[in-house]
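Participant: Give me coordinates for this.
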Amino acid sequence: MRYQLAETIKNTLEIKKSQFITWLIPIADRAEGMEWLAKSKTEYPDARHHCWAYVLGDSPNSQSAAMSDDGEPSGTAGKPMLNVLQHKPANNVMVIVIRYFGGIKLGAGGLVRAYSQAVEQSFQLATLLPIVPKATLDIVLPFANEQWLRHQCDQLSGNILKVNYQSEVNVTMEIPEAELSTLTDLLVAHQFQYRTLEK
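Facilitator: Got it, this is the predicted structure:
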């Protein structure tokens, strides 16, 4: 089972007077992650380092990952942060650790431990929600049946993404994959046209 973060977590860890301000963020894509990174630099312009890592993709087989030490010694920040992310059951998540140097050097081992601990601690505060695989359908039906379809959508924990009114109603709808056969059986029984959209 894979999970996603319910919301952004912000947490501060202090080690030997250095502050490690951690943002653990649910993201949809790299562009959104980079927006959060820019935001962290705006909010903490005087911080020495804005180290980050992310894991994207809906399954372990289709994951893409990236990281940055942002000026810390190579391999002491981004890599340990990414390592923590990759061992969690959460997908589409980014972590940014903003460091204020406290005057006491931590050494390479100390930095690896500090950055790993900062991410671990944030995960302990996070709420993880199961990722439910969804199917998307395009459905064409008479105006008189639109309310019926909306009712079925609610019953099956679905979500109407788009409605187009022409000679008939064209509805784009997302439902949990587990409910797909229930819905398609109903549509076939009513002789409504539908097609399942590729992701």
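
Participant: Please count neighbours and contacts with C-alpha atoms only from this point.
Facilitator: Fine.

Participant: hmm, who's touching the helix or strand Ile160 falls within?
Facilitator: Here Ile160 sits within strand 159-165, counting by DSSP states H and E. Residues from elsewhere that reach strand 159-165 (C-alpha atoms under 8 Å, 6 or more residues apart in numbering): 150, 153, 169-175.

Participant: same check, this time on stretch 145-153
Facilitator: With C-alpha under 8 Å, 6+ apart, stretch 145-153 has contacts from 159-160, 169, 173, 175, 183.

Participant: Name the residues of the longest helix seen in the chain that are buried.
Facilitator: Looking across the chain with DSSP state H, the single longest helix is helix 107-125. For helix 107-125, the neighbour count (16 or more other C-alpha atoms under 10 Å) marks 111-112, 114-120, 122-123 as buried.

Participant: Would you point out the most distant pair within these?
Facilitator: Leu111 and Phe123 (18.5 Å; C-alpha to C-alpha).

Participant: Now do Pro176, the pLDDT please.
Facilitator: Listed pLDDT for Pro176 reads 89.

Participant: That one: what's its closest spatial neighbour, skipping adjacent residues?
Facilitator: Lys134 (4.3 Å; C-alpha to C-alpha, 6 or more residues apart in numbering).

Participant: And the strands in this structure?
Facilitator: For the chain, the strands defined by DSSP state E occupy 3-5, 9-15, 18-26, 49-56, 64-68, 93-100, 128-130, 134-141, 159-165, 169-176, 193-197.

Participant: Which stretch among these is buried most, on average?
Facilitator: strand 93-100 (a mean of 26; mean count of other C-alpha atoms under 10 Å).

Participant: what does that one contact?
Facilitator: Contacts for strand 93-100 (C-alpha under 8 Å, 6+ apart): 4-5, 18-27, 33, 37, 40, 44, 47-56, 81, 85, 115, 118-119.

Participant: now do stretch 121-139
Facilitator: Outside stretch 121-139, the residues that touch it by C-alpha under 8 Å, 6+ apart are 1-7, 9-11, 22-24, 90, 170-177, 180, 192-199.

Participant: what about 6 Å?
Facilitator: The contact list for stretch 121-139, computed with C-alpha atoms under 6 Å, 6 or more residues apart in numbering, reads 2-6, 170-177, 193-197.

Participant: Can you spell out the domain ranges of this protein, please?
Facilitator: 3-130, 134-197 (automatic domain parsing).

Participant: Return the distance of the last one from the chain's centre.
Facilitator: Shown here is domain 134-197, whose average C-alpha point lies 27 Å from the average C-alpha point of the whole chain (C-alpha atoms, centre = their mean, to the nearest Å).

Participant: ends of it, how far apart?
Facilitator: 11 Å (C-alpha to C-alpha, to the nearest Å).

Participant: so where's the chain uncertain?
Facilitator: 58-62, 199 (pLDDT under 70).
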